[in-house]
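Asks: no sequence on this one, just coordinates:
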């Protein structure tokens with residue numbers, strides 16, 4: 001048949017009755033065959049769902065939730081080719097930082113404070129932004145100040 005030639009086997013949902021006698025199966029036998037086929041299909045779908053989740057989780061990590069007031073970088077991969085000249089591979093991948101005004105739609109969308117004159121829509125999906133981490137020279141100075149720890153020498157040191 002066409003299915004067995006393209007898939008290399010007969011479809012599982014409609015098992016072949018070639019090994020059965022010439023008489024049609026009883027209703028109970030037919031229902032058992034169909035229920036078994038549906039159970040096998042359900043198990044195959046569940047197994048493939050687990051395999052896909054494993055593959056997804058290998059490459060994706062949980063992100064910190066975005067909150068209003070935090071700073072993010074905007075992914076410019078789908079925007080930079082049409083509006084900027086030059087080679088795409090040499091252009092910056094992210095623009096910004098931009099301030100998050102609000103997070104909505106169950107933490108799936110953010111609204112950014114874009115500069116005046118920017119014609120892009122300010123509401124974006126969270127996959128188009130990433131959290132901005134300021135370099136140390138731009139970080140607040142009070143975070144970098146560390147109080148010195150006094151050192152106490154317990155052993156006597158002699159110099160020759």
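Replies: Everything's here; your move. Quantities reported herein were computed from a predicted structural model and do not represent experimental measurements.

Asks: C-alpha from now on. contacts and neighbour counts both.
Replies: Will do.

Asks: In stretch 56-75, which residues are buried?
Replies: Judged by neighbour count (16 or more other CA atoms under 10 Å), stretch 56-75 contains these buried residues: 66, 71-75.

Asks: before we move on, what about stretch 126-136?
Replies: So for stretch 126-136, counting by 16+ other CA under 10 Å, buried means 126, 128-131.

Asks: so how far does it reach from one end to the other?
Replies: Its start and end residues considered, stretch 126-136 measures 26 Å (CA to CA, to the nearest Å).

Asks: Give me the contacts around it.
Replies: 66, 70-75, 97, 107-110 (CA atoms under 8 Å, 6 or more residues apart in numbering).

Asks: now do stretch 105-117
Replies: With CA under 8 Å, 6+ apart as the test, stretch 105-117 has contacts from 65-66, 98-104, 122-126.

Asks: Mind doing that once more with 7 Å?
Replies: Defining contact as CA atoms under 7 Å, 6 or more residues apart in numbering, one finds that stretch 105-117 is touched by 98-104, 122-126.

Asks: now stretch 79-99
Replies: Residues from elsewhere that reach stretch 79-99 (CA under 7 Å, 6+ apart): 69-77, 112-114, 132.

Asks: at 8 Å what do you get?
Replies: Stretch 79-99 is touched from outside by 68-77, 112-114, 132, with contacts defined as CA under 8 Å, 6+ apart.

Asks: I'm done for today, thanks for sticking with me.
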